Structure formats: structure tokens, C-alpha cells
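>>> only the shape, not the letters, is given here:
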């Protein structure tokens, strides 16, 4: 069997496994790829990278399955998919949502692959020029999305986001190493992991609400309802293309990741599409297309700084760097000149992985769409059990179970009183990144005033600041218009 055929088969296997790993809350792509390092130690470099690339692509996409069907993001990058994917499932259009997410994920993934091949050196240079103040401004842009995901009450959304930011400061100070709100607990020093909280708020909270109020009937899926709406899908391609480009660029910024890319794409699409057939947040197909295209495109973007600069774009590409080093390969500027065949190989693997994503994704639609027909007295307790097991499996810490259940109770009351859950998760995810980059920017500038001076004197920082202010103004105006 030739080396190329072996790589294709391993990539297909990785993609298949990744889809189903990504669909289970708590089983992250990062976890799966880290386990693969030990498993593939004795494999050839080509086979190891092929299966890891397949898991990476399949896992990011797989997170949308649970997000659409159960309102539980299988991965942080799928948080934005819940906003309109789950409302579609409640209307009996889960199959349509999954089919649309599959096709647009492939579109975004191929755009990311194209950028990786043609624009790697250029985009990497831009990403390398980002300093702490730029990352702070970029992450603040992500936080500005609170207005877009707060529903009818921006005040409630701000309250939830503030609560998330406050939870984000628990643990060790990232600069001084001093414990904050740990109450003498060793386990609390690591802080509050956002994944157990996210699983609790979305999964356990939603399940508790349905169990207590019995307000969600079983939704029957017709065979013809799981086909993607081809007439509307053609109109969605420009949105998928735009979101794919945006996702690639954001993914190329180290530390940004698919979650920020998906949220930014969702917000941008919401601003551009003025009159959707269904309002955003109530089952707009555009609200599924944008984040799914962006988070898969971010894969190609994250590989750009990894391969050209040796800087991981996200946690998975950090593991890729470790895998390369185990096989005697050093990621960085010399890789493309010393081993151009490896770079080309990874690009083709990303393309092949997306082809298998389309095949496996479309084949599995019927199976996943039928999940919503499981009787609620079986499905809802099962979701809670899976949520608890998934949260524990991340770090094998009993404290994570406590966070999941506590977040579930909080999520129930938030839903009961009409407080949106997503802004709280957003605050918890982005808060630590904002804090550490803000403090690094102040330290590097010598003072707060020096930091602002640097922002106004550096063109890139100034452009980001202007975009941030523009987003803030439009959020305020949009909130007034809704009121």
C-alpha cells in the first residue's frame, strides 16, 4: 500500500472519530489529539499527521451536532451555533440545520486550506506584528458581541457577561502568581474551567428547565426535512465565503481560536443581513452558516503561524508542534524552505479531511436527527449524566462535577428569569485573555497612559481601536432600536 493511500485512510479514520468525539460534550479535540501523540509515537510522520489532521477537522465540526440538537456546544467554537441551530431543531428542522452546517463547514474548511497554501507567509507576518495591546483589543471585540447574543434585553446580557468576567478572575493571578478567591483550596488555584461551566449552563440548565416545566414536546423529523434547502443554500454561499475568510484571518492570530472567529462571523452576518426570513436567534439559517464556516476555516488559519513561525494558533496546533518535534521536525520559518513537501502534505490533508467531512457528515445526518425523537424522560436525564461524565473526564477532578451541576442550577434560573446564558460563557472564556493582555500591555508600556499612547501611535492598534468603538456605537444604537 502506497504512502499516499495510507495517509488518506488514516485521515478518513481520524475525521470519522473526530466527528463523534466532538459531538460528545466534554470530549474535546485537544484531548483527542493529545492522546494521539502517545498512540502515534511509533508511526511514520505522515500517518501520524494524517490521523491528527482528520481528528482536528472532524472534531471542530462535530461540536455543532450537540449544539444544534441538544443546545450543548460540543466545543467552545460551537457556542455561536446554538443561537440559531437549536431553535431550528425545536421547529423540527434539525436535519436541515445539520446538513447546512455540514456543507458550509466544508466551504469554510476549503477556504482555510486555500489561505494556508497561498497566503501563509503574508498572513503570518501580520499575525506576528500583534502585541499584547492588539490581542486585548481583538478580544474586547469578541466581548462586544454581548449585544448581539443578549436577545431583547441588553441589560440582562451585560449582567450575565459581567458574572462570567468575575468567574474568570478566580484562581492564580497570571502575572504575580498570587491566589485570588481560592478560599485555601488547592484545586481552586487552577481557576474555574469554562468547559464544565459551559456544559452545565447549556446542557444541565436546559434539561432541568424542560424536566421541571415539561415545555418541549417530542419533535418528529420527516425524511424530506433533513435535506439542505438548496435554493436558500445558494444564497448562503456568499455568507459562508465571507465568514470563511474572516475565520481564517482570526484563526491565524495566535490564541484567538475558532470560538472568537465564529462569534465575530455571527455578529458580522447579523449586521449585514438586514431582513432574514427568520429573525436571528429564532432559527435563522444564516446564524448557522456564519459560525460553522468560520470555525472550520479557523483550522487553516491556526496552521499558518504554526508552520511558518512555530507559534501555535490554538491549543490543538500547540499539540501539533509537539507531535512534529517527537518525529524530529521543528516547526518554524525554516520548515517551508527545508521541508516544503511536509507543508504541501499538510495542505492536501486539510483538503482531503474536508472531503471526508462532507461524506461522513451527510451520511450521519439521519442518525443524529433521530436523537431528538428519543422520549424526553429518557433523553433529558441522559443529557445530565453525559454532561457530568464529560465534565469530569476533562481533568479527572471531582470539583468539575460541582461546577457543572452548580452552573446547571444557575442556568435553570437564568432561563426562568429570561437572562441569556451565552454572554456569561463569553465573559468566562474571554475574561482571562483580556486581563492578561491588558496587564502585559501596561507593563510593557510602563503605565496605563503609556499603553494608550502606544495604541494611538501604532497604526494596527489604532485601526483595531476604531473598529472596537464602531462596534460599541452600533451595539448601543441597535439596543435602542430594539427597545
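Structure received. Predicted, not measured: the structure shown is a model, and the values here were computed from it. Numbers count the residues shown, from 1 in each chain.
>>> would you mind confirming that residue 95 makes contact with residue 365?
Yes: counting by CB atoms under 8 Å, residue 95 does reach residue 365; the two are 5.5 Å apart. For glycine as for every other residue, the C-beta is placed from the backbone atoms N, C-alpha and C.
>>> quick one: which of those two has more around it?
For residue 95 versus residue 365, neighbours defined as other CB atoms under 10 Å are more numerous around residue 95 (26 against 22).
>>> the strand or helix carrying residue 50 - contacts with which helices or strands?
Assessed by DSSP states H and E, residue 50 sits inside helix 45-70. If you count contacts as 3 or more CB pairs under 8 Å, 6 or more residues apart in numbering; DSSP states H and E, helix 45-70 packs onto helix 3-22, helix 29-39, helix 79-90, helix 94-128, helix 286-309, helix 315-326, helix 340-363, helix 365-369.
>>> what mean pLDDT does the last one have?
Across helix 365-369, pLDDT averages out at 66.
>>> please, where are all the helices along the stretch 151-300 of the chain?
154-168, 194-199, 205-213, 230-251, 257-272, 286-309 (DSSP state H, counting those that start in this stretch).
>>> could I get those helices as CSV with mean pLDDT, mean neighbour count and distance to residue 411?
Formatted as CSV, these follow (pLDDT from 0 to 100; neighbours: other CB atoms under 10 Å; distance: least, CB to CB, whole Å):
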stretch, mean pLDDT, mean neighbour count, distance to residue 411
helix 154-168, 84, 20, 10
helix 194-199, 79, 28, 9
helix 205-213, 81, 19, 2
helix 230-251, 86, 21, 28
helix 257-272, 86, 27, 19
helix 286-309, 87, 32, 21
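>>> report the contact partners of the spatially most central residue of the chain.
Nearest to the mean C-alpha position of the chain, by CA atoms, centre = their mean, lies residue 77 at 1.0 Å. Residues in contact with residue 77 (CB atoms under 8 Å, 6 or more residues apart in numbering) are 60, 63, 257, 258, 259, 261, 262, 291, 295, 298.
>>> how many residues are close by the closest residue to the fifth one other than its chain neighbours?
With CB to CB, 6 or more residues apart in numbering as the criterion, residue 259 has its nearest non-adjacent residue at 4.0 Å, and that residue is residue 76. Residue crowding around residue 76 was assessed by other CB under 10 Å; the count is 22.
>>> ok, now how distant is residue 76 from residue 448?
30 Å (CB to CB, to the nearest Å).
>>> now do residue 423
For residue 423, the distance to residue 448 - CB to CB - is 27 Å.
>>> more neighbours: which of these two?
residue 423 (29 against 11).
>>> surely that one meets residue 153?
No: with contacts counted by CB under 8 Å, residue 423 stays clear of residue 153, the gap being 10.6 Å.
>>> where does residue 110 land on pLDDT?
95.
>>> what's the local residue count around it?
21.
>>> my guess is it meets residue 352, correct?
No: using CB under 8 Å, residue 110 is not in contact with residue 352; the gap is 10.9 Å.
>>> residue 452 is nearest to which of the helices and strands packed on helix 45-70?
Proximity to residue 452 (CB to CB) singles out helix 94-128 among the helices and strands packed on helix 45-70, at 22.9 Å.
>>> please tell me how far the closest residue to residue 353 other than its chain neighbours sits from residue 18.
Closest residue to residue 353 apart from its sequence neighbours, by CB to CB, 6+ apart: residue 57 at 3.9 Å. Distance of residue 57 to residue 18, computed by CB to CB: 6 Å.
>>> so for those two, which sits in the more crowded spot?
Per other CB under 10 Å, whichever of residue 57 and residue 18 has more neighbours is residue 57, with 34 against 29.
>>> would you confirm that that one contacts residue 296?
Yes: taking contacts as CB under 8 Å, residue 57 lies within contact range of residue 296: 7.2 Å.
>>> common neighbours of these two, please.
With CB under 8 Å, 6+ apart as the test, residue 57 and residue 296 both reach 109, 354.
>>> secondary structure element holding residue 399?
helix 398-416.
>>> how close does residue 412 sit to residue 382?
18 Å.
>>> and what of residue 324?
In terms of CB to CB, residue 324 sits 39 Å off from residue 382.
>>> for the two, indicate the residue with more neighbours.
Shown here are residue 324 and residue 382; by other CB under 10 Å, residue 324 has more neighbours (22 against 13).
>>> quick one: residues contacting that one.
Neighbour list for residue 324: 45, 49, 330, 331 [criterion: CB under 8 Å, 6+ apart].
>>> quick one: which of these is nearest residue 163?
residue 331 (38.7 Å).
>>> the closest one looks like it's in a strand, true?
No: using DSSP: H, G, I helix; E, B strand; the rest coil, the secondary structure at residue 331 is coil, not a strand.
>>> for the closest residue to the residue nearest to the centre of the chain other than its chain neighbours, list the residues it contacts.
Excluding its sequence neighbours, the residue lying closest to residue 77 (CB to CB, 6+ apart) is residue 258, at 3.4 Å. Counting by CB under 8 Å, 6+ apart, residue 258 touches 60, 75-77, 247, 251, 294-296, 298-299, 302, 314.
>>> how about a cut-off of 10 Å?
Residues near residue 258 by CB atoms under 10 Å, 6 or more residues apart in numbering: 29, 60, 63, 75-80, 108, 247, 250-251, 265, 291, 294-299, 301-302, 313-314, 316.
>>> show me the contacts for the closest residue to residue 65 other than its chain neighbours.
Of all residues not flanking residue 65 in the chain, residue 23 sits nearest, at 4.0 Å (CB to CB, 6+ apart). Residues near residue 23 by CB under 10 Å, 6+ apart: 58-59, 61-70, 72, 74-75, 78, 364, 368, 371.
>>> now residue 205: how far from residue 63?
18 Å.
>>> now do residue 290
Following CB to CB, the distance that separates residue 290 from residue 63 is 15 Å.
>>> can you check residue 327 too?
Residue 327 is 28 Å from residue 63, by CB to CB.
>>> equivalent analysis for residue 264, please.
Distance from residue 264 to residue 63, by CB to CB: 17 Å.
>>> returning to what we had before: so the residue nearest to residue 353 makes contact with residue 350?
Yes: counting by CB atoms under 10 Å, residue 57 touches residue 350, with 6.9 Å between them.
>>> now for these two: what residues contact both?
Counting by CB under 10 Å, 6+ apart, the residues touching both residue 57 and residue 350 are 11, 109, 112, 113, 299, 300.
>>> tabulate those residues (JSON lines), appending distance to residue 2.
Conversion of the shared contacts of residue 57 and residue 350 to JSON lines gives the following (distance: CB to CB, whole Å):
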{"residue": "11", "distance to residue 2": "14"}
{"residue": "109", "distance to residue 2": "25"}
{"residue": "112", "distance to residue 2": "27"}
{"residue": "113", "distance to residue 2": "22"}
{"residue": "299", "distance to residue 2": "26"}
{"residue": "300", "distance to residue 2": "26"}
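>>> looking at those, spot the one nearest residue 389.
residue 299 (27.2 Å).
>>> residue contacts, the closest one?
29, 53, 56-57, 59-61, 77, 108-109, 112-113, 116, 247-248, 251, 258, 261, 313-314, 316-317, 350, 353-354.
>>> residue 213 too?
412, 415, 416.
>>> just give the nearest non-adjacent residue to residue 250, would you?
Nearest to residue 250 is residue 261, by CB to CB, 6+ apart, at 4.0 Å.
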